[in-house]
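Novice: fold the following and give me the result.
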Amino acid sequence: MATIKALQITKPHELELVTLERPEPGPGDVLIKVMASGICGTDIHILDGEYVGDYPVIPGHEFAGVVAQVGQDVSRIKVGDRVAVEPNIACDNCSYCLNNQQNFCEHWQAVGVTLPGGMAEYVVAPEKAVFDIGDLAFEEGAFVEPLSCVLHGVQKTGIRLADRVAILGAGPIGLLLLQAVRVQGAQSVTVVERDQARAEAAQALGTDQVHRSLDDLPQDAFEVVIDATGVIPVMERTPAFARKGAKILLFGVPPKTTVALDAFTLFLKGLTLLTSYTSVRNSLQAIDLLKSKRIDVRRLISHRLPLEEFERGVDLIKNKQEDVKKVLITPNG
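Specialist: From the prediction side, this is the model:
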């Protein structure tokens with residue numbers, strides 16, 4: 001009987017490298033040999049017991065690989081295809097799904113959250129969640145999911161041609177946002193980032209200006225202000241940088257706590273406050289933008305680690321060590 005290695009979160013704060021029976025695809029499923037799987041903040045939240053997740057769970061929802069086997073009812077995907085996965089599985093029949101809000105599905109499941117994910121040598125996913133990436137590198141394919149989320153958020157802002165945009169934070173998500181708002185038509189993008197390596201990455205990817213402190217960011221200056229940190233004190237300062245009639249997008253995932261925003265400033269400036277949760281059918285957009293190189297993720301990858309070093313990758317991200325940006329796990333070498 002074939003077996004696989006997988007990284008399993010057995011319960012909050014506990015990780016284990018396990019050997020499991022290799023999964024078999026059901027009639028409508030695809031078995032994927034995982035070649036690159038990104039560590040996401042959500043994986044860390046699951047590990048820390050701060051996010052919805054079923055334990056034990058194999059994390060990993062940002063991944064790409066090659067199709068090893070398909071179920072008998074699969075028609076669009078074939079063995080040997082290079083693929084990425086949209087991890088959110090919607091029922092397509094609840095009130096949210098029927099209103100094209102699949103990200104809020106009442107019966108939501110997600111590969112790597114409630115279902116076994118990509119921190120394993122092999123993983124099963126429904127055919128409807130699997131997308132052909134052609135000759136796109138597996139490392140780039142692992143960015144399809146986070147880029148899909150970014151595209152959903154940027155589309156919600158309704159950025160207009162020649163808008164001035166401020167992005168607070170230049171981690172992997174901030175750097176994706178930087179490129180996406182450029183594609184959307186922003187006239188200028190200003191980034192705030194304390195970390196030297198991340199600030200340099202933002203400059204290399206086309207920001208017009210980088211500030212190392214929020215205190216240096218001009219107030220009342222931007223049509224769109226995007227928080228990509230999820231840090232409460234940063235989120236609370238966003239209204240100060242927005243012009244009257246501007247939009248604020250709180251994109252970074254915050255801890256489970258309250259945020260205090262100046263109510264009178266929101267009123268006086270007539271600001272629109274937005275949040276963005278996962279994505280809604282943005283995978284093909286993400287793949288096309290990655291293929292065209294209009295969004296370049298190669299500069300975002302700082303570490304490539306084997307499955308056995310997942311915990312080290314988490315520590316690098318948590319402690320911001322070794323100029324860390326995106327950490328990829330390569331379960332199959």
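
Novice: mind listing the residues bridging to the residue nearest to T3 when sequence neighbours are not counted?
Specialist: Of all residues not flanking T3 in the chain, T19 sits nearest, at 5.1 Å (CB to CB, 6 or more residues apart in numbering). (Glycine included, C-beta is placed from N, CA and C.) Following DSSP bridges, T19 is listed with bridge partners K5.

Novice: pLDDT on stretch 3-16, on average?
Specialist: Across stretch 3-16, the average pLDDT comes to 95.

Novice: how far does it sit from its chain's centre?
Specialist: Using CA atoms, centre = their mean, to the nearest Å, the mean C-alpha position of stretch 3-16 is found 21 Å from that of the whole chain.

Novice: surely D73 forms part of a strand?
Specialist: No: counting by DSSP: H, G, I helix; E, B strand; the rest coil, D73 is not found in a strand; it is coil.

Novice: ok, G153 to D296 distance?
Specialist: Distance, G153 to D296, by CB to CB, to the nearest Å: 19 Å.

Novice: then I39?
Specialist: 20 Å.

Novice: neighbour count winner among the two?
Specialist: Just comparing I39 and D296: by other CB atoms under 10 Å the higher neighbour count belongs to I39, 25 against 18.

Novice: now do the more buried one against Q285, distance only.
Specialist: Separation of I39 from Q285 (CB to CB): 24 Å.

Novice: quote the end-to-end distance of stretch 303-314.
Specialist: With CA to CA, to the nearest Å applied, stretch 303-314 spans 11 Å between its terminal residues.

Novice: nearest spatial neighbour of K247, skipping sequence neighbours?
Specialist: T272 is the one closest to K247 (CB to CB, 6+ apart), at 4.5 Å.

Novice: meant to ask about V231
Specialist: Excluding the flanking residues, the one nearest V231 by CB to CB, 6+ apart is G252, at 7.0 Å.

Novice: what sits against that neighbour?
Specialist: G169, I173, D227, A228, T229, G230, V231, M235 (CB atoms under 8 Å, 6 or more residues apart in numbering).

Novice: gap between stretch 72-79 and the chain center?
Specialist: Relative to its parent chain, stretch 72-79 has a centroid offset of 27 Å by CA atoms, centre = their mean.

Novice: residue ranges with poor pLDDT in this structure?
Specialist: Along the chain, segments meeting pLDDT under 70 span 52-53.

Novice: which residues sit in contact with the most centrally placed residue in it?
Specialist: Nearest residue to the geometric centre of the chain (CA atoms, centre = their mean): P146, 2.5 Å. Neighbour list for P146: G38, C40, E62, P172, I173, L176 [criterion: CB under 8 Å, 6+ apart].

Novice: and the helix or strand encompassing the last one, which residues are buried?
Specialist: Applying DSSP states H and E as the criterion places L176 in helix 172-184. Neighbour-count burial for helix 172-184 flags P172, I173, G174, L175, L176, L177, L178, Q179, A180, V181, R182, Q184 (criterion: 16 or more other CB atoms under 10 Å).

Novice: just to revisit the earlier point, and the angle for the host helix or strand of the residue nearest to the centre of the chain with helix 172-184?
Specialist: Assigned by DSSP H and E, P146 belongs to helix 144-157. Counting by axes from the mean of the first three to the mean of the last three CA atoms, to 10 degrees, helix 144-157 lies at 50 degrees to helix 172-184.

Novice: determine how far helix 144-157 lies from the middle of the whole chain.
Specialist: That offset, for helix 144-157, works out to 8 Å (CA atoms, centre = their mean).

Novice: ok, now which ones touch D227?
Specialist: By CB under 8 Å, 6+ apart, the residues touching D227 are L168, G169, V234, M235, T238, I248, L249, L250, F251, G252.

Novice: to clarify, my last question referred to S148.
Specialist: Contacts of S148 (CB under 8 Å, 6+ apart): E86, S279, N282, S283, Q285, A286.

Novice: for the second one, which three-state class applies?
Specialist: On the three-state scheme (three-state DSSP), S279 is labelled coil.

Novice: quick check, it in contact with A110.
Specialist: No: contact criterion CB atoms under 8 Å: S279 and A110 do not qualify, at 11.5 Å.

Novice: who's more crowded, the two?
Specialist: Set S279 next to A110 and count neighbours by other CB under 10 Å: S279 wins out with 25 against 21.

Novice: next, the more buried one: phi, psi?
Specialist: Backbone torsions of S279, given as degrees, to the nearest 10, read phi -140, psi 170.

Novice: what of P239?
Specialist: Per degrees, to the nearest 10, the backbone of P239 is at phi -60, psi -30.

Novice: ok, now H45?
Specialist: H45 adopts backbone torsions of phi -60, psi -40, taken as degrees, to the nearest 10.
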